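A.B. asks: Whatever this is, show me its structure:
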Amino acid sequence: MKKFDLNIEKVLEHWTIPHALREIIANALDESNLTNTKEPLIFKDEDNKWHIKDFGRGLKYEHLTQNENIEKTENPDKVIGKFGVGLKDALATFDRRNVEILIQSKYSDITIKKLSKGDFDDLVTLHAIVNSPTNPNLVGTDFILTGLKDDDIEKAKDFFLLYSGEKMIEKTKYGELIENKKNRSRIYVNGICIAEEDNLLFSYNITSTTKKLRQSLNRERTNVGRSAYTDRVKSILLECKSPTFARKLVDDLQKIQTGIYHDELQWVDVQLHACKILSSKDKKVMFLSAYDLMDGGKYLSYAKEEGIRIITVPDSLANKLETSKDLDGNNFRNLETYALEWNEHFEFDIVKVNQLTAKEKEIFKYKDTIVSWFPKKSNLINDIVISNSMRPDNYTGNDALGLWEPSTKRIIIKRSQLKNIQSFAGTLVHELVHAHTNTDDNTIEFENELTEMLGKLSTLILESSNPVKPKSMLKRLLNK
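C.D. replies: Numbers count the residues shown, from 1 in each chain. Purely as a prediction, here's the structure:
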């Protein structure tokens, strides 16, 4: 038998048994990662003793020193631990909480006991008692613990992603995005929990640590400050490309207007990245600001009828979407781009003259008279037709009453305008001005041209040599 003084100067008195078990499990997982051996076993034997057993190289008493482990230092993104201090803290906690421990490997059997320190009988410290191995052929290290409750083991395992039951959504070069199923958000480093957050949408397992994060991983491995891992969390988010990730983030994005959303949405570049993914993976989405949602008119109704999902985004993001492309290099669909798409595929429901009612036919006959009021230009207008359906106009979002179509040189008028001569004549005159002046609605140019054309029309009507007297014609127009 040999005595090994553990020289524990400061005991972590608030540590519970699960905290101590966490260190044993962490060391076992480290050994599995470093030696590429199978996952450690955690089980209770028939004598109600709990075992934490790895299949690595076996523990030596030298590992109980508080020296820095060079092998772990050289692999910071492969292992959890770094110093022997974690194991020593665990042994001290077991002693304080009356848990018996036996550590077996092919090198030795180790127990712990309080003994006098060297020749100083009045000074008692915790010692490791090192005996010859019970099983010199044992593979790995077996920690055997007596006096544990099953709940102690469950709480200890809960520190680890491996045993949490949480599902990985996506793996990136910086770490893993984890689905938050237990209404808690956790930050893991190489699979061990270092912090819990109240208002994150996801959990994260950081596998590529930064210098700042490594320096912040304290002796207790708990309550690490957010500033230490924020950069890595953001890096993981910006590397993710899965539709599941994008949908969850975009769903949360729509809650910004209410003020109830998760902290990941504070980063506009993360918002933009999620929209890029969703736009690339789901072709039936449209991104609108709150103003667009209120002013969308018919196009918004058409989009909903087509089953297009409306994503409401903040104004700051909406502005970025206008100048950005999705992952496929395409523009984001907003109200303007959707209107262009819709109009490109729109087909008029043209009504033949013989399908009109008698009253509609009577009113429609006035088209030639109205056209004659305008200056004659050869081949300017090929046809004037009636349609049941019309495209929405670009200003109110409601169905247009009339349309001048330069590509076909035809004027199309909505059938409802044949309800009376005043509606039909007003719409036809409006579209004839477009045809003759080549100007757009709601422009100063159009207003000037319309005013000038009205003056010309007034002159033509008043001075017309038409058999119908000007005054009687005006009277009929006003009374129809």
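
A.B. asks: for residue 135, what are its contacts?
C.D. replies: Listed by C-beta atoms under 8 Å, 6 or more residues apart in numbering, the contact partners of residue 135 are 104, 106. Bear in mind the C-beta positions are built from the backbone N, C-alpha and C, glycine included.

A.B. asks: Now do the buried residues in stretch 374-387.
C.D. replies: Within stretch 374-387, the residues that count as buried by 16 or more other C-beta atoms under 10 Å are 374, 381, 384, 385, 386, 387.

A.B. asks: Which of those residues fall within helices?
C.D. replies: Judged by DSSP state H, the buried residues of stretch 374-387 include no members of helices.

A.B. asks: Next, format these as TSV and append pLDDT and distance to residue 180.
C.D. replies: As requested, the buried residues of stretch 374-387 are exported to TSV (pLDDT from 0 to 100; distance: C-beta to C-beta, whole Å):
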residue	pLDDT	distance to residue 180
374	81	68
381	90	64
384	94	62
385	95	59
386	95	58
387	94	53
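
A.B. asks: which residues in the stretch 201-350 of the chain form strands?
C.D. replies: For the stretch 201-350 of the chain, the strands defined by DSSP state E, counting those that start in this stretch cover 203-206, 285-288, 309-312, 350-351.

A.B. asks: now, among the buried residues of stretch 374-387, which is nearest to residue 105?
C.D. replies: Nearest to residue 105 among the buried residues of stretch 374-387 is residue 387, at 87.8 Å by C-beta to C-beta.

A.B. asks: Just give the nearest non-adjacent residue to that closest one, would you?
C.D. replies: Residue nearest to residue 387 in three dimensions, not counting chain neighbours: residue 348, with 4.2 Å by C-beta to C-beta, 6 or more residues apart in numbering.

A.B. asks: Backbone dihedrals for that neighbour, both of them.
C.D. replies: Main-chain dihedrals, residue 348, degrees, to the nearest 10: phi -70, psi 150.

A.B. asks: just the strands of the stretch 201-350 of the chain: most buried one?
C.D. replies: By mean neighbour count, with neighbours taken as mean count of other C-beta atoms under 10 Å, strand 203-206 ranks first of the strands of the stretch 201-350 of the chain at a mean of 25.

A.B. asks: For that strand, which helices and strands make contact with it?
C.D. replies: Judged by 3 or more C-beta pairs under 8 Å, 6 or more residues apart in numbering; DSSP states H and E, strand 203-206 is in contact with strand 175-178, strand 185-189, helix 226-239.

A.B. asks: So for stretch 317-329, mean pLDDT?
C.D. replies: The pLDDT scores in stretch 317-329 average 92.

A.B. asks: Across the sheet, point out what pairs with residue 387.
C.D. replies: The residues listed as beta-bridge partners of residue 387 by DSSP bridges are residue 350, residue 414.

A.B. asks: my read: it touches residue 346, true?
C.D. replies: No: contact criterion C-beta atoms under 8 Å: residue 387 and residue 346 do not qualify, at 10.5 Å.

A.B. asks: how many other residues sit next to residue 261?
C.D. replies: Neighbours of residue 261 under the rule other C-beta atoms under 10 Å: 18.

A.B. asks: got it, and residue 52?
C.D. replies: Each residue near residue 52 was counted by other C-beta under 10 Å, and the total is 22.

A.B. asks: Summarise which helices and strands the host helix or strand of residue 24 is packed against.
C.D. replies: For residue 24, the host element (DSSP states H and E) is helix 17-35. Under the contact definition 3+ C-beta pairs under 8 Å, 6+ apart, helix 17-35 sits against strand 50-53, helix 70-73, helix 85-96, strand 142-146, helix 150-157.

A.B. asks: Which positions in that helix come out as buried?
C.D. replies: By 16+ other C-beta under 10 Å, the buried positions in helix 17-35 come out as 17-34.

A.B. asks: same thing with stretch 323-330?
C.D. replies: Here stretch 323-330 shows residue 326 as buried, counting by 16+ other C-beta under 10 Å.
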